[in-house]
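**Student:** Take a look and give me a structure for this.
(one chain, ligands or ions: 1)
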Amino acid sequence: MASTKELTYQDVAEHNTKKDLYVVIHDEIYDCSKFVDEHPGGEEVLLDVAGQDATEAFEDVGHSDEARETLKQLKVGTLKRGPGDPKPKTPAPGAVAPAANNTTAGFGVGLYAIILIGGLIGYAAYTYLQQQQAAAQA
Ligand code: HEM
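**Tutor:** So this is what the prediction gives:
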């Protein structure tokens, strides 16, 4: 099957039964209807993601290169993403972590500033009191 039709997420969602089973992986569409009985991971997991984006499920398992070869043979088209469609489920490890880190870093710098200013005020007060005391004794 070498056709590369473009289907929308809604089109794919209609193929959600065991006999007619499409999944989306990395924005490519695969027809698993014939493969579902052969899947070493069982038919249940494929039925769970029938007509949906299975990228995360597929990648989480850490499928072998052989599995990816099988995938190529099942390809029927490419996903045409519409504005209201679910976001691509391709994990983007760099996308989430730095944002979270930035928040922490921002807070961290603020915190250091507060500690530093607090320390300076404390030191100034201490010096002032020492001077007062020295003046009183003189
Ligand atoms: C639709 C495309 C898929 C293909 C072509 C495929 C293919 C395969 C193949 C060939 C294996 C044997 C181990 C390996 O070579 O990595 C496997 C195992 C497995 N697959 Fe998939 N798979 C697909 C989708 C999924 C999805 C969506 C899930 C969802 C969780 C899944 C879950 C598993 C699990 C849990 C195993 C491990 C089974 C075991 O080790 O006992 N697979 N798959």
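
**Student:** Would stretch 41-51 count as contacting the ligand?
**Tutor:** Yes. Legend: contact between stretch 41-51 and the ligand by CB under 6 Å from any ligand atom is shown at 41, 45-46, 49. In short, each C-beta sits where N, CA and C put it, glycine included.

**Student:** Point me to the residue of the protein nearest the ligand.
**Tutor:** Nearest residue of the chain to the ligand (CB to the nearest ligand atom) works out as Gly41 at 2.4 Å.

**Student:** Looking at the residues of stretch 41-51 next to the ligand, spot the one nearest Tyr128.
**Tutor:** Set against Tyr128, the nearest of the residues of stretch 41-51 next to the ligand by CB to CB is Val49 (69.6 Å).

**Student:** how much space between the closest one and Tyr22?
**Tutor:** Using CB to CB, to the nearest Å, we find Val49 at a distance of 10 Å from Tyr22.

**Student:** now do Ile114
**Tutor:** Taking CB to CB, one finds Ile114 at 55 Å from Tyr22.

**Student:** For Pro86, grab the count of nearby residues.
**Tutor:** Neighbour count of Pro86, defined by other CB atoms under 10 Å: 10.

**Student:** show me what contacts it?
**Tutor:** 9, 53 (CB atoms under 8 Å, 6 or more residues apart in numbering).

**Student:** Would it be right to say that it lies in a helix?
**Tutor:** No. Looking at Pro86 with DSSP: H, G, I helix; E, B strand; the rest coil, it is coil, so not inside a helix.
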